[in-house]
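J.: quick one, what's the 3D model for this:
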Amino acid sequence: MLNLQTHTEHFTNPLYLESGRILEPYDITYETYGVLNDDKDNVIVVTHALTGSHHAAGMYEGDNKPGWWDGLIGPGKAIDTDEYYVISTNVIGSCFGSTGPMSQTKSGEAYRYKFPVVTVKDMVKAQRILFERLGIHRAHAIVGGSMGGMQALQFAIHFPRFAKKTIAMAATYATQPWAIAFNKVAQEAILRDPEFQQGYYDPDVIAESGLSGMAIGRMAGHISFLSHDSMQRKFGREYKRDDGLYELFGKFQVETYLEYNGYNFTKWFDPLSYLYITKAINIYDLGRGFDTLDEALSKIQTQLHLISFSSDMLFVPDEMKKIDSMLKASSRVSKPRPRS
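T.: Modelled structure (predicted):
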């Protein structure tokens, strides 16, 4: 059974961030699926990407579509909820229940720019504190893609005994200039939009009307999620049927697709959260805090599985291959340990 349940935990102890700042208090919203066994060792942690949330599977009443990984999570699926207890948390800094820039401070006002910069490591640290509260000290596996894969790798390094298996997909050891450049386009598009009001927008207005600058940035980002071949297969050179070929603003199907996804996105994702999370992705670096990346990777004790996609434009396979090659080189000069 899926057994979809949604929860929010409130924490009053300070969360000490990688920047040296403190977040206090804070909330973490999460979903669970399946049933936790008596030994609490059938846990699979699912970590989400930039625009994801805790809602990874199933449908709420009135929903038009299921959670973002519904095809993988559920009874008899790859992540089988008849066997495993699955936890998916919304990261701090996001806008789906966990504390983020539009959450209220103790004075009752939204943080906005007073919210501290958080890192992927901070996101993982907050999740680990949540699991401790839930009495979950070990997981069968952690799995995530893109920023979710970054979180999985951070778990493997900073909490090396927590998960038996770690599956990181479409991630990297440190965000490279190509991906940072795509994020820059989106950030500038948001910041330059007059309706953004320098961060002091009315969230209800944004939810109703969207934000044009953010939509343009999202279009650029969306292009990076797709490959040349996938666009060719999906759209080809199909033209919108009710537009004339020689109309200046007539559109190809790919243009309509980007417009729909870009403008619709801005009505449900907060622009300040987008800025904060893309900042976290940009400064992500597994080697930070260690003398070398190799030293960081030497902490890994989990069974690590690295999955890349040849068509990935943001996090190219060579970046994951570097992790693999460094682990292999390390295993030749030290005692063997589980790895990819």
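J.: can you name the residues that contact residue 24?
T.: 12, 13, 14, 15 (CB atoms under 8 Å, 6 or more residues apart in numbering). Every C-beta, even on glycine, is put in place using the N, C-alpha and C of the backbone.
J.: in this structure, which helix is the longest?
T.: helix 317-333 (DSSP state H).
J.: average pLDDT across that one?
T.: Mean per-residue pLDDT for helix 317-333: 89.
J.: closest to the centroid, which residue in this structure?
T.: residue 49 (2.0 Å; CA atoms, centre = their mean).
J.: check the gap between that residue and residue 1 for me.
T.: Remark: distance between residue 49 and residue 1 (CB to CB, to the nearest Å) = 26 Å.
J.: and for residue 283?
T.: Taking CB to CB, one finds residue 283 at 40 Å from residue 1.
J.: how about residue 10?
T.: Taking CB to CB, one finds residue 10 at 28 Å from residue 1.
J.: what about the strands in the stretch 51-200 of the chain?
T.: In the stretch 51-200 of the chain, the segments counted as strands under DSSP state E, counting those that start in this stretch are 73-74, 79-80, 85-89, 139-145, 163-169.
J.: and the residue lying closest to residue 19 once chain neighbours are set aside, how close does it get to residue 148?
T.: In this structure, residue 19 finds its nearest non-sequential neighbour in residue 117, 5.7 Å apart by CB to CB, 6 or more residues apart in numbering. Noted for residue 117: a distance of 20 Å to residue 148, by CB to CB.
J.: re the thing from before, can I get the contacts of residue 24 in a markdown table including secondary structure, distance to residue 121 and pLDDT?
T.: Formatted as a markdown table, these follow (DSSP: H, G, I helix; E, B strand; the rest coil; distance: CB to CB, whole Å; pLDDT from 0 to 100):
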| residue | secondary structure | distance to residue 121 | pLDDT |
| --- | --- | --- | --- |
| 12 | coil | 22 | 97 |
| 13 | coil | 18 | 97 |
| 14 | coil | 16 | 97 |
| 15 | strand | 12 | 98 |
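J.: ok, and the most crowded of the residues you listed?
T.: The member of these that has the most neighbours, counting by other CB atoms under 10 Å, is residue 15 with 20 neighbours.
J.: please name the nearest non-neighbouring residue to that one.
T.: residue 23 (4.4 Å).
J.: so how many other residues sit close to the one you found?
T.: Using other CB under 10 Å: residue 23 sits among 20 other residues.
J.: also residue 232?
T.: 12.
J.: and what of residue 279?
T.: 16.
J.: distance of it from residue 218?
T.: For residue 279 relative to residue 218 (CB to CB), the value is 16 Å.
J.: ditto for residue 156
T.: 30 Å.
J.: and for residue 271?
T.: Counting by CB to CB, the gap from residue 271 to residue 218 is 10 Å.
J.: comparing the two, which residue is more hemmed in?
T.: For residue 271 versus residue 218, neighbours defined as other CB under 10 Å are more numerous around residue 271 (28 against 25).
J.: just checking, the more buried one touches residue 206?
T.: Yes - using CB atoms under 8 Å, residue 271 makes contact with residue 206 at a distance of 6.8 Å.
J.: rewinding a little: now the residue nearest to the centre of the chain, nearest residue through space, not along the chain?
T.: residue 146 (4.0 Å).
J.: pretty sure that neighbour sits against residue 312.
T.: No - checked against CB under 8 Å, the pair residue 146 and residue 312 is beyond contact range at 9.0 Å.
J.: looking at the two, which is more packed in?
T.: A direct count of neighbours by other CB under 10 Å for residue 146 and residue 312 places residue 146 higher, at 24 against 19.
J.: still on that earlier bit, so between residue 283 and residue 1, which is more surrounded?
T.: residue 283 (17 against 10).
J.: check contacts around the more buried one.
T.: Residue 283 neighbours (CB under 8 Å, 6+ apart): 117, 119, 175.
J.: quick one: buried ones out of those residues?
T.: 119, 175 (16 or more other CB atoms under 10 Å).
J.: reformat the contacts of residue 283 as TSV; add distance to residue 211 and pLDDT.
T.: Listed next are the contacts of residue 283 as TSV, based on distance: CB to CB, whole Å; pLDDT from 0 to 100:
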residue	distance to residue 211	pLDDT
117	21	98
119	25	98
175	24	98
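J.: cheers, nothing more for now.
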